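Visitor: Pasted the sequence and its predicted model underneath.
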Amino acid sequence: MTDHPSSHRPRPEAHPEPARGEEDGVLLLKGGRFQHLTWPENPVLVEVWRSGFLESVHRGSLVVVGPDGAVLLAVGDVERPVLPRSSNKPVQATALLAAGWTPRSDEELAIGAGSHSGEDGHRELVAAMLVAAGLSPDDLGCPPALPMHDPTYAAWLAAGRAPERLAMNCSGKHAAMLAACVAAGWPTEGYLERDHPLQQAIEARLEEAAGTPVAAVVVDGCGAPQHGLPLTGLARSASSLIEAVAGTPERAVADAMRAHPWFVAGTGREDTDLMRAVDGLLVKGGADGVHVAALPGRGAVALKLDDGGDRGRTPALCAGLLRLGVPAGQLAPWSLTPVPGGNGVVGEVRPAAVLAG
């Protein structure tokens, strides 16, 4: 999700400041309470090696749960609430279905639970979803943005094309939210306010899927409410989607995302490619170093990198997926990220020893 409408290119899944009180380090929690937060002393999850020299590290927390939700591995503080950002979208989409949204295709459901790259097919599908609901891009509450997809972005710059709401990576979610409001008979005006019936339904659904109360509600980069949950709750919610029986909203979302991963992310995106590489895998990344993935009959993994960066996410995620029994060969393209030097590769971004085993 991007921060603000801008003529500059938005960084993928960028983040806004959390709602704070009068003092630094004070977070507004659900129910209007304020809590002083201290950052946990999390271990190093990912290391960056250059020419045999340890250049950088990424600390964080990671949890692996079984299909029954039992914790199989916990590294770092996995019970401290985090902001899952777009990793919450698959469960959010189940609330939209329960409200009465009826996607005309699995592609629409996938993009409603996704974070697309703003490619032509993405924008066209979102525009069609709005037309079907009797709405237009002007009804979207997400900010205008430039596409994240490099060739599309370059073409827009060459043409002098301005940022558009349809190109924002969360426009699919917003179009689905609006369509759910129309289906339920709720006003589309103010659909991003926390007390709107739609957002109340989403908040309740997130709590149900995670098995824990929402710890905080802030404003996300796309303008929608964002809900704080512990990593254990995030992992359990993802697992609940793939373990659900056929015909339920939960299973419908999981099936649509796995069948159409390009609409979840886009060309060259890790979520798209991982879901294509590993049969049955559900993957959804989020801003600020969050990732969640789940595999039927195996369980789920959720992680948060403390520095909020993207560089170490896939090596850490793959380390978690190895614990779920995914063959190393299937994960090889993402388990180690090459570190360039001159005209070659001189190192790698790799999981730390704490994730090995």
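Guide: Arrived safely, thanks for sending.

Visitor: Could you list the low-confidence segments of this structure?
Guide: Within the chain, the stretches with pLDDT under 70 are 1-37, 357.

Visitor: That one: strands as residue ranges?
Guide: Under the criterion DSSP state E, the chain contains strands at 26-28, 34-36, 44-50, 53-65, 71-75, 216-219, 225-228, 282-286, 290-295, 299-305, 337-341, 344-351.

Visitor: deepest of those, which one?
Guide: strand 299-305 (a mean of 30; mean count of other C-beta atoms under 10 Å). In short, each C-beta sits where N, CA and C put it, glycine included.

Visitor: neighbouring contacts of stretch 113-123?
Guide: For stretch 113-123, the external contacting residues (C-beta atoms under 8 Å, 6 or more residues apart in numbering) are 1, 12-13, 86, 89-90, 92-93, 111, 126, 145-149, 152-153, 164, 166-173, 176, 253, 256-257, 262-267, 269, 271, 284-285.

Visitor: Give me the buried entries from these.
Guide: Buried by 16 or more other C-beta atoms under 10 Å: 1, 12-13, 86, 89-90, 92-93, 111, 126, 145-149, 152-153, 164, 166-173, 176, 253, 256-257, 262-266, 269, 271, 284-285, out of the contacts of stretch 113-123.

Visitor: closest to residue 103 out of the strands of the chain?
Guide: The minimum distance between residue 103 and the strands of the chain falls on strand 282-286, with 17.4 Å, by C-beta to C-beta.

Visitor: Report the angle between that closest one and strand 290-295.
Guide: 170 degrees (axes from the mean of the first three to the mean of the last three C-alpha atoms, to 10 degrees).

Visitor: Packing partners of strand 282-286?
Guide: helix 89-98, helix 231-243, helix 249-259, helix 261-264, helix 270-277, strand 290-295 (3 or more C-beta pairs under 8 Å, 6 or more residues apart in numbering; DSSP states H and E).

Visitor: 7 Å instead, please
Guide: Here strand 282-286 touches helix 231-243, helix 249-259, helix 270-277, strand 290-295, going by 3 or more C-beta pairs under 7 Å, 6 or more residues apart in numbering; DSSP states H and E.

Visitor: now the angle from it to helix 231-243?
Guide: Going by the same axes, to 10 degrees, strand 282-286 makes 140 degrees with helix 231-243.

Visitor: nearest residue to residue 212 other than its sequence neighbours?
Guide: residue 233 (4.5 Å; C-beta to C-beta, 6 or more residues apart in numbering).

Visitor: show me what contacts the one you found?
Guide: Going by C-beta atoms under 7 Å, 6 or more residues apart in numbering, residue 233 touches 210, 211, 212.

Visitor: same deal with residue 141?
Guide: 174, 191, 192, 223.

Visitor: Max pairwise distance over those residues: which two?
Guide: Across these (C-beta to C-beta), the longest gap, 10.0 Å, separates 191 and 223.

Visitor: can you give me the helices in the stretch 51-200 of the chain?
Guide: Secondary structure of the stretch 51-200 of the chain (DSSP state H, counting those that start in this stretch): helices located at 89-98, 106-112, 120-132, 150-159, 171-184, 197-210.

Visitor: In a markdown table, list those helices along with distance to residue 248.
Guide: Converted to a markdown table, those look like this (distance: least, C-beta to C-beta, whole Å):
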| stretch | distance to residue 248 |
| --- | --- |
| helix 89-98 | 8 |
| helix 106-112 | 13 |
| helix 120-132 | 22 |
| helix 150-159 | 35 |
| helix 171-184 | 17 |
| helix 197-210 | 12 |
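
Visitor: can you tell me which of the ones you listed comes nearest to residue 44?
Guide: When those are ranked by proximity to residue 44 (C-beta to C-beta), helix 197-210 comes first, at 26.8 Å.

Visitor: can you list contacts of that closest one?
Guide: Residues from elsewhere that reach helix 197-210, judged by C-beta under 7 Å, 6+ apart: 88, 91-92, 94-95, 99, 177, 180-181, 186, 191, 193, 213-214, 217, 225, 227, 229, 233-234, 236-237, 240.
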